[in-house]
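[1] Provided below for reference: sequence and predicted model.
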Amino acid sequence: MPKRLERCLANCSVIDPLVEEHSLRVQRTARYHLVGDPATATELWVVVHGYGQLARYFLNHFSSLVPGRCILAPEALSRFYLDSAHDRVGATWMTREDRQHEIEDHVGYLDDLVDHLLKRMTNGVPVHTLGFSQGVATITRWATRGRTPLARMILWSGSLPPDLDLDVLSERVGNAMDLVLGDQDPYARIEDLHIIAQRLTAAGIPNRMHVFNGGHKLEALTLKRLFERSE
């Protein structure tokens, strides 16, 4: 690293003791993508992408699962460049910086977005959710901190936040959770999936484990089977 950049980073990491931190809630525009007709759908699925992804590309995995469903892909509120050439853009749900406000913001965003869409749908349509990678932490926090009743939850290739309130989660889970992981995932082992299952079981949360042959991705056959499950 050039010394000039090192000096700049060092200076930027120093906080003046006279500086006060404040927060202000502001209005901003959130982007989401949708497939399926809300007016005729009998299910609403909220599918939440992982770190560095964008909603419109993530939603491509669900295009064959639309009949009878409305599938909604919200995009995380913070975008960034994925490469030095600034050609590729991704989004993240949160970082460790000012994390509590970021969590509150994305929980409120998901609640408001579902409320907005349910106004176009038949009363009583169940809301299901799938989180992939970073999206797993996002939807489990949403389940415990938000106001939206969630009938089904699929946790795919991700981990539970260490500070997750499992007692609240057990009260809000409508059906057994589905836990999914590829046997060649570079970010998690099958043993990690068992640990998650044990944590949920100890909290009284029924769950099912699914392991497919592959890496850190959505696998089409497993995805189709889970979406077609009746409960």
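    Arrived safely, thanks for sending. Here the structure is a predicted model, which means the values were calculated and not measured.
[2] who does residue 89 bridge with?
    When assigned by DSSP bridges, residue 89 has beta-bridge partners residue 81.
[3] so how many other residues sit close to it?
    If you count neighbours by other Cβ atoms under 10 Å, residue 89 ends up with 13. Bear in mind the C-beta positions are built from the backbone N, C-alpha and C, glycine included.
[4] these two touch, right, it and residue 83?
    No - assessed by Cβ atoms under 8 Å, residue 89 is found out of contact with residue 83, at 9.3 Å.
[5] So which elements touch the helix ranked longest in the chain?
    Identified as the longest helix of the chain according to DSSP state H is helix 99-118. Using 3 or more Cβ pairs under 8 Å, 6 or more residues apart in numbering; DSSP states H and E, the elements in contact with helix 99-118 are strand 43-48, strand 69-74, helix 134-145.
[6] Please pull up the helix or strand immediately following the helix or strand bottoming out on mean pLDDT in the chain.
    Among the helical and strand segments of the chain, the one scoring lowest on mean pLDDT, DSSP states H and E is helix 3-12, with a mean of 56. Scanning forward in sequence from helix 3-12 by DSSP states H and E, the next helix or strand is strand 32-35.
[7] Note down every partner strand of that following strand and its orientation.
    Sheet pairing of strand 32-35 (DSSP bridges) gives strand 69-74 (antiparallel).
[8] contacts for the partner strand?
    Residues from elsewhere that reach strand 69-74 (Cβ atoms under 8 Å, 6 or more residues apart in numbering): 30-38, 41-49, 55-56, 58-59, 62, 65, 109-110, 113-114, 117, 121, 227.
[9] re the thing from before, want to try CSV for the helices and strands packed on helix 99-118, with distance to residue 165 as columns?
    Below are the helices and strands packed on helix 99-118 laid out as CSV (distance: least, Cβ to Cβ, whole Å):
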stretch, distance to residue 165
strand 43-48, 19
strand 69-74, 22
helix 134-145, 5
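[10] Which stretch among these approaches residue 100 most closely?
    For the helices and strands packed on helix 99-118, the distance to residue 100 is smallest for helix 134-145, at 10.6 Å, taking Cβ to Cβ.
[11] can you give me how far the next helix or strand after the closest one is from the chain middle?
    Per DSSP H and E, helix 134-145 leads on to strand 152-156 as the next helix or strand towards the C-terminus. Relative to its chain's centre, strand 152-156 lies at 10 Å (Cα atoms, centre = their mean, to the nearest Å).
[12] quick one, strand 152-156 and helix 134-145 angle?
    150 degrees (axes from the mean of the first three to the mean of the last three Cα atoms, to 10 degrees).
[13] elements contacting strand 152-156?
    Using 3+ Cβ pairs under 8 Å, 6+ apart, strand 152-156 sits against strand 127-132, helix 134-145, strand 177-182.
[14] ok, residue 174 - how many residues close by?
    By other Cβ under 10 Å, 15 other residues sit near residue 174.
[15] what's the burial count for the closest residue to it other than its chain neighbours?
    If the residues on either side of it in the chain are set aside, residue 174 comes closest to residue 151, at 4.0 Å by Cβ to Cβ, 6 or more residues apart in numbering. When neighbours are counted by other Cβ under 10 Å, residue 151 registers 15.
[16] per-residue confidence for residue 151?
    pLDDT recorded at residue 151 is 95.
[17] Run a quick check on it versus residue 143, I expect a contact.
    No - counting by Cβ under 8 Å, residue 151 does not reach residue 143; the two are 11.0 Å apart.
[18] ok so, going back, next one: the residue nearest to residue 174 from residue 70, what distance?
    14 Å (Cβ to Cβ, to the nearest Å).
[19] do the same with residue 185
    Taking Cβ to Cβ, one finds residue 185 at 29 Å from residue 70.
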